[in-house]
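>>> Any chance you can model this:
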Amino acid sequence: MLNPLRSVSRRTFLRSAVSGGATAGLHLVGLAQPGGGPRSETGAEFITAETQEAIDRGLAQLAHGQASDGSFGGGLLAGGVAAGITGLCGLALLGAGQQPGRGKYAKHISRVVDYVVDRTKGASSGFLTTDDFRFGSQPSAMYSHGFASLFLAEVCGMLPEAARQKKVRAVLERATAFAVDAQNKEGGWRYEPKAPFADVSVTVAFMMALRAARNAGVFVRKSVIRQGSEYIRRCQLPDGGFSYFKGQGGSAFARTAAAVVGLYSASVPEDEEVNSRAIERGLRYLQQYMPNRMFNQRELPAAHYYYGQYYAALAMWTAGGDYWRTWFPAIRDELLGRVRASGGTWADHVHGPAYATAMSLIVLQLPNNYLPILQK
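Got it, this is the predicted structure:
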């Protein structure tokens, strides 16, 4: 049986130096070398010299592009989504082993913390967005809240100053309460709180944020998580893939990758068996989209490329074993090929280079095993 996301003590490694706390991470399956000899659990040996060079260059590009207020992306992020993409950039920096108060990019992460925390200054509901945001003006804003909340949960406990740590936790608790209250009658989430129907993509963003918040010690009712995972399962189709809406549409790579991660994020013992069966079917569906091997045969929509590869890598990382051992070198080489072809940068025509760079760096740095929610 595949291991769902669950809490273990590995997260202590990052946080004990600044807070003395022992909080949560994830236990995953180790890797085996093709010849039968042992590999590291994470596959850190898969980070080649070229990979590390691309990572270092990407981190430097992110740091150079950070605005004075701590945000990333500039004018592309108008309309309430800046918090989410900034949070993703913060996750990419954390993925390099950086922390507020420690490391080459410590100041950049601290500015991300301040920016995301400040997104609630005009939103008493706990919604992480711009002050003037109105629902209906930017569908991606709910995704943004999920990614921003995930970052806060990951960095919570790393702050060296007690006052800042207290403030981050307070904002995280408010952001989590907003997420819980926004769940709709179908059990999922959509583009606005308590929408009449849900979609699997926004639901996964919230499920992962809630899992990280729970790992950080924020209380979330089990019923909220169970309803979310039930909604995701109801979107699964006979081929193992997932539809965007319950009972509507066909399977697709990006949303199936996200759905698998959403089910891993549930981590409810009562649902482990049924979720594991759905996860196995989803993983088998994803294998037809193996990077490089199939890319010219099954072109992925450009607007969903980095989104899909981000979730697929997280799914394979959590599955471990042969899933991870075969998937990571393939997506690593594909991302390196993209950055070579573009002259040294990753780019996304919808959300901009900061988004594409952050997503690529999160994937490439998974073997470092530094992000708390994904630690073995």
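>>> what stretches of the stretch 151-300 of the chain score poorly on pLDDT?
293-299 (pLDDT under 70).
>>> what are the ranges of the helices in it?
Shown for the stretch 151-300 of the chain, the helices assigned by DSSP state H, counting those that start in this stretch span residues 162-182, 200-215, 222-234, 253-266, 272-286.
>>> Quick check: which of those helices is nearest to Arg338?
Each of those was checked against Arg338 via CB to CB, and the shortest separation belongs to helix 253-266, namely 16.4 Å. Quick note: C-beta positions are derived from backbone N, CA and C, even for glycine.
>>> what packs against the closest one?
helix 200-215, helix 222-234, helix 272-286, helix 305-319 (3 or more CB pairs under 8 Å, 6 or more residues apart in numbering; DSSP states H and E).
>>> Alpha carbons of the third one, in PDB - could you do that?
So that's helix 272-286. Coordinates of each C-alpha in helix 272-286 appear next as PDB, following Å, rounded to 0.1, in the frame of the first residue of the first chain:
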ATOM      1  CA  GLU A 272      -6.500   5.200   3.800                       C
ATOM      2  CA  GLU A 273      -7.500   2.100   1.900                       C
ATOM      3  CA  VAL A 274     -10.000   3.700  -0.400                       C
ATOM      4  CA  ASN A 275      -7.700   6.600  -1.100                       C
ATOM      5  CA  SER A 276      -4.800   4.300  -1.800                       C
ATOM      6  CA  ARG A 277      -6.800   2.400  -4.400                       C
ATOM      7  CA  ALA A 278      -7.700   5.700  -6.100                       C
ATOM      8  CA  ILE A 279      -4.100   6.900  -5.900                       C
ATOM      9  CA  GLU A 280      -2.700   3.700  -7.500                       C
ATOM     10  CA  ARG A 281      -5.100   4.100 -10.400                       C
ATOM     11  CA  GLY A 282      -4.100   7.700 -10.800                       C
ATOM     12  CA  LEU A 283      -0.400   6.900 -10.800                       C
ATOM     13  CA  ARG A 284      -0.900   4.300 -13.500                       C
ATOM     14  CA  TYR A 285      -2.800   6.900 -15.600                       C
ATOM     15  CA  LEU A 286       0.000   9.400 -15.200                       C
END
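>>> just use 41 as the starting number from now, easier for me
Happy to do that; since the first residue is 41 now, the last one works out to helix 312-326.
>>> Packing partners of it?
helix 262-274, helix 293-306, helix 345-359.
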